[in-house]
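Student: I would like the atomic coordinates for the input below:
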Amino acid sequence: MWVFYLISLPLTLCLVFFTLRYFSGPHVPRYVLLTVGYAWFCSLSIIILVPADIWETISSRHKNGTISYLWSWSYWSTFLLTWAVVPLIQGFEDAGDFTVSERLKTSLHVNLAFYLLVGAVGLIGLIFLIMMHKTWRGDLLGLAMACSNTFGLVTGAFLLGYGLSEIPKSIWRNADWTTRQKVLSHKIAKMAVKLDDAHQELSNAIAVAQATHNQMSERDPLRPYMDVIDDFLTQMFREDPSFKPQVGRLAENDMYYDTDEKSMATLRRHLRLAREGYYRYNSEYLAYVREALELEDTMKNYERHSSTGWKYISSIRPARNGKLGSFFDSLEYFWRCILRKHVEKGLAASLGILSVAILLAEATLLPGVDLSLFSFLIKSMGTHEVFVQAFSFVPLMYMCICTYYSLFRIGRLMFYSLTPRQTSAVSLLMICSMVARYAPPVSYNFLNLISLGSDKTTVFEQQMGNINNAVPFFGDQFNKIYPLIMVIYTLLVASNFFNRVFDFLGSWKRYIFETEAEDMDGFNPTGLVILKKERFLLERGSEVGEQVVPLTKNSNCIDIESGNSLMERNGVEMRANSYLHEKMNGNPSRTRKDETRKYSLSKEAISNKYASLREKNGQTSRLRPEDNNIASTTVPLLDQGDTDCDNTSGVVSSGLTSTWQTMKSGFQNFKANITDTGR
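Tutor: Below you'll find the model as predicted:
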């Protein structure tokens, strides 16, 4: 009984460790990593314990006390983590306060509404249950488990249905090179816009912090909090010396962060969120660009196989040397150019068959006809322990993957993100909470599909309780009705019914999942231009994504054929501060020089503040001398304006130029003070 479990348990532990290491960001605290890792391990332990429980139920009527103990440990660990511990730690990590006690208070205050809502719903449900079933003698723990399971079953059914349809379809579509190129061109263009917005948001946050620093005296009671924010900025520039802020845009409300401790905490939190957003989008942008460049290399190698000697030649990494270099190049060619797309299509077909088998099993629960492929395979294995557990584990794991796939898609739109090496502590905690919340319901759903018999009840079902008995107002047939609803929903998703409905409704389309279907409608010109420019910079010695900031606007002004663009011209972006204009126009009694000294912040001032720190660490730009004209510009690729490319040659309007010249004199006066602060 324990052969499969003892093999799976260490593999699960290794999977959790490497997954957490791959996705966690550089600033995630160690206790958060331990909490998330433990929650993931407990959740997956439930999944790998199901096959052992099934085998124990089939082979013997005597229940093993070890399985009961493992169920209790795994389930109650995930239950307490997802409903109590993780939300508290998540609120603590999301708070911007400067002391542990204040962060705890903020977390409790934020989660108080959540706990009150859950408690009120539970109390109303308990009263309603007693009124409808006065002879009920169930315990509160059983009711809590049943309600938690009901929530997971109902919402998990829709998540599972979406994943059963979209995972095979997406793998099949992406196996085609041309289709994947179209999708990547759209994704690169969209991510470039998000990256530019995130860069501007972070620049504005830095501008607000620096302006707050400038107007705060050394004897201000809030000065210690400002020093913490300054240390945060210093560390950020030390870790990434290549980051170059744009000109910050200050709004009127941005100058009131230094009123009390809470406002300073808000400023600190805003800075942290802006930094996390920028590096998250930066990571996703680089991933899409690298994938697109590799796909271009694959297509070129496939077309030129006779001239390259059936060897894979990459343009984004150094060539392999040595005796085995040629051998590995040949292996890579056969994998990338010949085998990979066939393997992906075979995988998509296999997963499609598995999805159909799951839907058929779900649909036949209500009529009571056992047409479950998994039930047939498990019963046909007889006394073969390993095969019984393997045929139980594979479909169960696939159901979990489908559920979590949909869960992550929803989170990317609203709550959290799972980005390689840039996932924040808050996102990791939210993800681990969701994973822990849906592992037991998915396992419960799978046990309903295999139909072991009315006289055979697994330890899991005994521990979790029967929903029909615990919550009778759902009806005796609840466990058989909700899967049928999921089947209907999955068929509608597979037939693109909802896409057609929301296309008909127009603007309501933003409320559904962001699918790749619309990205396959031709190539995105902006994405192709950005990719062309990345290829051009790569050939000149830069790394992929090294010139991300200049690649985020004005893409329509690039000459694709020659590889030249406005970014290679000697121009500097100069933008007037809207806050300064409002203040100067509304307060004529103050001189423009005084307003500039107090509130304005330029890109030059921000960079100079940390110039001494960069020189001390000996970290210089990796650009070659001939690339300096590209790095020095801040003319982006995706400008939101309607400016014609012929008129954007770096010439600034006369009014803006005169404003900049006036502001420049004010910048020089506090430049020395900013430099001293950076030291």
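
Student: mean confidence for stretch 379-386?
Tutor: Mean pLDDT, computed over stretch 379-386, is 80.

Student: Now do the buried residues in it.
Tutor: Using 16 or more other Cβ atoms under 10 Å as the test for burial, stretch 379-386 gives 379, 381, 385. The C-beta positions use only the backbone N, C-alpha and C, and glycine is treated the same way.

Student: Can you give me the end-to-end span of it?
Tutor: 13 Å (Cα to Cα, to the nearest Å).

Student: Contacts for it, please.
Tutor: Residues outside stretch 379-386 that contact it (Cβ atoms under 8 Å, 6 or more residues apart in numbering): 1, 3, 4, 55, 59, 387, 388, 391.

Student: okay if I get those residues as CSV plus distance to residue 400 and secondary structure?
Tutor: Shown next, in CSV, are the contacts of stretch 379-386 (distance: Cβ to Cβ, whole Å; DSSP: H, G, I helix; E, B strand; the rest coil):
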residue, distance to residue 400, secondary structure
1, 22, coil
3, 22, helix
4, 17, helix
55, 19, helix
59, 25, helix
387, 21, helix
388, 19, helix
391, 16, helix
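
Student: of those residues, buried ones?
Tutor: Neighbour counting by 16+ other Cβ under 10 Å classes 1, 4, 55, 387, 388, 391 among the contacts of stretch 379-386 as buried.

Student: Among those, which one lies nearest to residue 193?
Tutor: Closest approach to residue 193 among the buried ones among the contacts of stretch 379-386 (Cβ to Cβ): residue 391, at 46.6 Å.

Student: I'd assumed residue 374 was in contact with the closest one.
Tutor: Yes - counting by Cβ atoms under 8 Å, residue 391 sits close enough to residue 374 to count as a contact (6.6 Å).

Student: dump the residue contacts of residue 311.
Tutor: Counting by Cβ under 8 Å, 6+ apart, residue 311 touches 301, 326, 329, 330, 333.

Student: And residue 543, its phi and psi?
Tutor: phi -90, psi 160 (degrees, to the nearest 10).

Student: if we can go back for a sec, just send the buried ones among the contacts of stretch 379-386 back as TSV, with distance to residue 344 too.
Tutor: Output for the buried ones among the contacts of stretch 379-386, formatted as TSV (distance: Cβ to Cβ, whole Å):
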residue	distance to residue 344
1	36
4	28
55	33
387	27
388	30
391	24
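
Student: Which strands or helices does the helix ranked longest in the chain pack on?
Tutor: Determined from DSSP state H, the single longest helix within the chain is helix 261-303. In terms of contacts (3 or more Cβ pairs under 8 Å, 6 or more residues apart in numbering; DSSP states H and E), helix 261-303 is packed against helix 100-132, helix 177-215, helix 223-239, helix 525-539.

Student: Could you dump those helices into a markdown table and include mean neighbour count?
Tutor: Formatted as a markdown table, these follow (neighbours: other Cβ atoms under 10 Å):
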| stretch | mean neighbour count |
| --- | --- |
| helix 100-132 | 13 |
| helix 177-215 | 21 |
| helix 223-239 | 16 |
| helix 525-539 | 20 |
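
Student: So for stretch 387-399, what gets flagged as buried?
Tutor: With the criterion 16+ other Cβ under 10 Å, stretch 387-399 contains buried residues 387, 388, 389, 391, 392, 393, 395, 396, 397, 398, 399.
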